[in-house]
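Asker: Coordinates only, no sequence provided:
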């Protein structure tokens, strides 16, 4: 038995080494660690994003600050919102220390989009309100919502 386990471990090391040498799949896997797929269903079709998750108060406070490397189909979802738990509540975001314009999509508890703040102003400290209680917030590159035809009332889903 020990010999069979030893062979299995050696085979696993060889497989991992080979994957590391290929450069493709390992790099892709590393790039998607900590990300979840988000799907928005709109009248114009289905739009998929692969986004980071901000769950804790600290993660949600930092958000996409200081980031300039946001992928066209990337972003960040703040879920649950509020991070401490409890029922949905009104949200207010800002762009302090955020160099990239963002579309901030406020999501109701039923998964529908309540409001979209399009092309928010980089570095602005002006509050961006949800205008109603929300259970999650999705940030994507500024202009993408309009480009894809994403609108209030569209449905958003992600693994919870």
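Answerer: Structure's in. What do you need? These figures come from a predicted structure and were not determined experimentally.
Asker: Spell out, range by range, the strands that occur in this protein.
Answerer: Assigned by DSSP state E, the strands in the chain fall at 35-42, 45-54, 76-78, 89-93, 102-107, 113-117, 128-134, 136-141, 155-157.
Asker: what's the most buried one of the ones you listed?
Answerer: Of all the strands of the chain, strand 102-107 has the most neighbours on average by mean count of other C-beta atoms under 10 Å, namely a mean of 27. Where you see a C-beta, it was placed from the backbone N, CA and C, and this is true even at glycine.
Asker: Give the pairing partners of that one; include direction for each.
Answerer: Next to strand 102-107 in the sheet, as set by DSSP bridges, lie strand 113-117 (antiparallel), strand 136-141 (antiparallel).
Asker: okay if I get those as JSON lines plus distance to residue 84 and mean pLDDT?
Answerer: Output for the strands paired with strand 102-107, formatted as JSON lines (distance: least, C-beta to C-beta, whole Å; pLDDT from 0 to 100):
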{"stretch": "strand 113-117", "distance to residue 84": "20", "mean pLDDT": "98"}
{"stretch": "strand 136-141", "distance to residue 84": "14", "mean pLDDT": "98"}
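Asker: follow-up on the earlier one: to residue 70, which of the strands of the chain lies closest?
Answerer: Closest of those to residue 70 is strand 136-141, at 5.4 Å (criterion: C-beta to C-beta).
Asker: And the contacts of the closest one?
Answerer: 38, 49, 51, 63-64, 70-72, 74-81, 91, 93, 100-107, 130, 156 (C-beta atoms under 8 Å, 6 or more residues apart in numbering).
Asker: could you redo the last one with a cut-off of 7 Å?
Answerer: 38, 49, 63-64, 70, 72, 75-81, 91, 93, 100, 102-107, 156 (C-beta atoms under 7 Å, 6 or more residues apart in numbering).
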